[in-house]
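Student: Sequence first, predicted coordinates after that:
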Amino acid sequence: MNASQRTLAVKTLFLFFTLLPAVVAFHHATPRRRALIGGALAGIFDNMFDGKKANAIPSSSYKSAGATNEVIKVVQGMKRRRLGGSDIVVSEMGLGTQRWCSTDFNAPDANKCFEFMDKAILKGGVNLIDTAEQYPIPSGNAADTREGATEIAIGNWMKNRGVTRESVVIASKITGGRNVTPRNIKADCEGSLKRLQTDYLDVYQLHWPQRYSPQANWGQSLKYNIESDESGYWRQFGGPTSFEDLCIAMEELIQSGKIRGWGLCNDNAYGLTACTRTAKSLGITPPCSIQGDFSLIDRKSEENGVAEAASPFNENVGFMSYNALAGGMLTGKYIDKPAAWDDNNRDRAKESLQSPRGRMDTRGWGGTLYRYRSDAAQEATLAYNEIAKANKMSLTELSLRWCRQRSLVTTTLVGHSNINQLQETIKYFEMKDPLPEKVMWEIDMVHMKNRLPIFSSNRVGKDWLGEGEIGEPIP
């Protein structure tokens, strides 16, 4: 046995004993969890055994097409804006599809999804659909609810309706974390293209960063934790995919005609700027978008450096906002009767669980989305509802119209359970007049009382010892 063979043998034995728990976990995991574990294992194998990396810099003819958020045209009353410096133009409202075909109690099945796309795209001014390879969430084992079913439904709709590819903008996502390697970027993109029955994606995004990030849409965690960053998950076997390899892999997809542009999701100002600066230093295409949680009770992206970095005067990157209604809290449906998880009346809470009004009345989402129901968040929600009533509009209308006119936001992704909700949303995005300055200032006055309400907590106990309500590191 020569030296290289001995090295390979040692690596193999080390890898076996290190990853055995992950393999066992994979065997017993749900489909969604298997995707996360499998992607991480693939990334580790890639790095440890010198898997193919994107290291040759492809030639690029990239040139900015203009300023992000520039209004290019108006279609059936809805504005369409430039996304970043790309030539991709998106409607101010996009279809959010996380729950399409999912196992949620009120999730739209494929037929309802067809109805949504008919109304929004074929009959309305919407042209953007945002999806992901992991959707639907939550997924099931049946063919029509398993991961990938959402993309399949969208692809079937385009084929069934004879939709011209240029008339719709499709954004999809690769599963994040250690799954993001040059090899997986290419393979996962091919998988999405196959399910969507299309030759290219308009925007290909990282569902969450390829590296450790303190707040990747996870509970109330905000603080950077160096112990998490140096953990074996991130640092063993070559560590996370570099920004250079990430940018080059995306450029290869652009050069091969598989995608028109790429972007980030659930990332921060550091990740955004690192990607744009790395791409520009290599002379290749920078990301055109970043997607993030954004609402009246979650304005962090305006105040943590993302808005400054994304500005057309700086990195010129578009912003896709999601969760504008904060998991349903900003519809006002939980104001008169608390969400099941928060209701001290046990009989009434049981009734809500049996006949849920929305996700906050379910055992799964109700716990996962607890941050939107912090005391500070609910106090702000009540105040915003009073502003809405004083101006003769619903809290839903106030929330969506406020989001629409923020200078950071290029487009707002909104999910729906039924056609009536969709029609209501479209109506608000077709309105010509912005909210009056007086109303915007009243909103800001509430915001000034607590700038980060969903990241506040009056329930933290002495025995929590740095762990939040769903296991996330805090503070």
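Tutor: Yep, that arrived. Residues are numbered from 1 along each chain as shown.
Student: For the chain, give me the ranges with low pLDDT.
Tutor: Under the criterion pLDDT under 70, the flagged ranges of the chain are 1-55, 216-217.
Student: What residues sit buried inside stretch 271-288?
Tutor: Within stretch 271-288, the residues scored as buried using 16 or more other CB atoms under 10 Å are 271-276, 278-279, 282, 284-288. The C-beta positions use only the backbone N, C-alpha and C, and glycine is treated the same way.
Student: Could you pull up phi and psi at the residue nearest to Asp342 when sequence neighbours are not counted?
Tutor: Leaving aside its sequence neighbours, Asp342 sits nearest to Arg373 (CB to CB, 6 or more residues apart in numbering; 5.8 Å). Reported as degrees, to the nearest 10, the phi and psi values for Arg373 are phi -120, psi 20.
Student: My guess is Arg373 contacts Ile335. True?
Tutor: No - here Arg373 lies out of contact with Ile335, judged by CB atoms under 8 Å, at a distance of 11.5 Å.
Student: what about stretch 443-454, how long is it end to end?
Tutor: 16 Å (CA to CA, to the nearest Å).
Student: correction: stretch 177-184
Tutor: Stretch 177-184 end-to-end distance (CA to CA) = 11 Å.
Student: can you give me the strands for this structure?
Tutor: In the chain, the segments counted as strands under DSSP state E are 71-75, 78-82, 89-91, 93-96, 128-130, 169-174, 201-206, 259-265, 289-293, 318-322, 411-414.
Student: who does the second one touch, helix- and strand-wise?
Tutor: Identification of packing neighbours for strand 78-82 by 3 or more CB pairs under 8 Å, 6 or more residues apart in numbering; DSSP states H and E yields strand 71-75, strand 89-91, helix 419-430.
Student: I'd like these as TSV, with mean neighbour count and distance to Ser256 appended.
Tutor: Formatted as TSV, those follow (neighbours: other CB atoms under 10 Å; distance: least, CB to CB, whole Å):
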stretch	mean neighbour count	distance to Ser256
strand 71-75	13	27
strand 89-91	24	23
helix 419-430	17	34
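Student: Mind putting these into JSON lines with distance to Ile185?
Tutor: Converted to JSON lines, the helices and strands packed on strand 78-82 look like this (distance: least, CB to CB, whole Å):
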{"stretch": "strand 71-75", "distance to Ile185": "29"}
{"stretch": "strand 89-91", "distance to Ile185": "22"}
{"stretch": "helix 419-430", "distance to Ile185": "32"}
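Student: how about those, which one is nearest Asp144?
Tutor: With CB to CB, the closest approach to Asp144 among the helices and strands packed on strand 78-82 belongs to helix 419-430: 19.7 Å.
Student: List every C-alpha atom in the closest one, with coordinates, as CSV.
Tutor: What follows is helix 419-430, C-alpha atoms only, in CSV (Å, rounded to 0.1, in the frame of the first residue of the first chain):
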residue,chain,number,x,y,z
ILE,A,419,-58.9,32.4,-4.5
ASN,A,420,-60.6,35.1,-2.5
GLN,A,421,-57.4,35.9,-0.6
LEU,A,422,-55.6,36.1,-4.0
GLN,A,423,-58.1,38.5,-5.5
GLU,A,424,-57.8,40.7,-2.4
THR,A,425,-54.0,40.8,-2.6
ILE,A,426,-54.1,41.7,-6.3
LYS,A,427,-56.5,44.5,-5.7
TYR,A,428,-54.1,46.1,-3.2
PHE,A,429,-51.1,45.9,-5.6
GLU,A,430,-53.1,47.4,-8.4
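Student: what helices or strands is it leaning on?
Tutor: Helices and strands touching helix 419-430, by 3+ CB pairs under 8 Å, 6+ apart, are strand 78-82, strand 93-96, helix 110-117, helix 395-404.
Student: returning to what we had before: looking at the strands of the chain, which is closest to Ser60?
Tutor: Closest of these to Ser60 is strand 259-265, at 12.5 Å (criterion: CB to CB).
Student: Determine how far that closest one lies from the middle of the whole chain.
Tutor: How far strand 259-265 lies from its chain's middle: 12 Å, per CA atoms, centre = their mean, to the nearest Å.
Student: elements contacting it?
Tutor: If you count contacts as 3+ CB pairs under 8 Å, 6+ apart, strand 259-265 packs onto strand 201-206, helix 243-255, helix 269-282, strand 289-293, strand 318-322.
Student: okay, those in TSV with distance to Glu147 next?
Tutor: Converted to TSV, the helices and strands packed on strand 259-265 look like this (distance: least, CB to CB, whole Å):
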stretch	distance to Glu147
strand 201-206	17
helix 243-255	21
helix 269-282	25
strand 289-293	19
strand 318-322	19
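Student: quick one, which of these is nearest to Met158?
Tutor: Nearest to Met158, of all those, is strand 201-206, at 12.7 Å by CB to CB.
Student: Restricting the selection to alpha carbons, write the closest one to CSV.
Tutor: Once non-C-alpha atoms are left out, strand 201-206 reads as follows in CSV (Å, rounded to 0.1, in the frame of the first residue of the first chain):
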residue,chain,number,x,y,z
LEU,A,201,-34.8,29.3,-14.6
ASP,A,202,-35.0,33.1,-14.5
VAL,A,203,-33.6,33.3,-11.0
TYR,A,204,-31.8,30.5,-9.1
GLN,A,205,-31.4,31.2,-5.4
LEU,A,206,-29.7,29.7,-2.3
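Student: Name the residues of it that are buried.
Tutor: Buried-residue list, strand 201-206, by 16+ other CB under 10 Å: 201-206.
Student: just stretch 341-354 next, same as before
Tutor: Buried residues in stretch 341-354, counted by 16+ other CB under 10 Å: 341-343, 349, 352.
Student: Identify all contacting residues around it.
Tutor: Contact with stretch 341-354 is made by 337-340, 360-363, 366-367, 370, 373, as judged by CB atoms under 8 Å, 6 or more residues apart in numbering.
Student: Buried only: go through these for me.
Tutor: 337-340, 360-362, 366, 370, 373.
Student: Let's have the residues you listed in TSV, adding distance to Asp118.
Tutor: Shown next, in TSV, are the buried ones among the contacts of stretch 341-354 (distance: CB to CB, whole Å):
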residue	distance to Asp118
Lys337	34
Pro338	36
Ala339	32
Ala340	34
Met360	29
Asp361	29
Thr362	28
Gly366	32
Tyr370	36
Arg373	34
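Student: hmm, which two among these are most spread apart?
Tutor: Put simply, by CB to CB the two of the buried ones among the contacts of stretch 341-354 set farthest apart are Lys337 and Tyr370, 17.4 Å from each other.
Student: can you list the strands of the chain in JSON lines and add distance to Phe237?
Tutor: Output for the strands of the chain, formatted as JSON lines (distance: least, CB to CB, whole Å):
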{"stretch": "strand 71-75", "distance to Phe237": "45"}
{"stretch": "strand 78-82", "distance to Phe237": "40"}
{"stretch": "strand 89-91", "distance to Phe237": "38"}
{"stretch": "strand 93-96", "distance to Phe237": "35"}
{"stretch": "strand 128-130", "distance to Phe237": "32"}
{"stretch": "strand 169-174", "distance to Phe237": "19"}
{"stretch": "strand 201-206", "distance to Phe237": "20"}
{"stretch": "strand 259-265", "distance to Phe237": "24"}
{"stretch": "strand 289-293", "distance to Phe237": "28"}
{"stretch": "strand 318-322", "distance to Phe237": "32"}
{"stretch": "strand 411-414", "distance to Phe237": "35"}
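Student: Great, nothing more from me.
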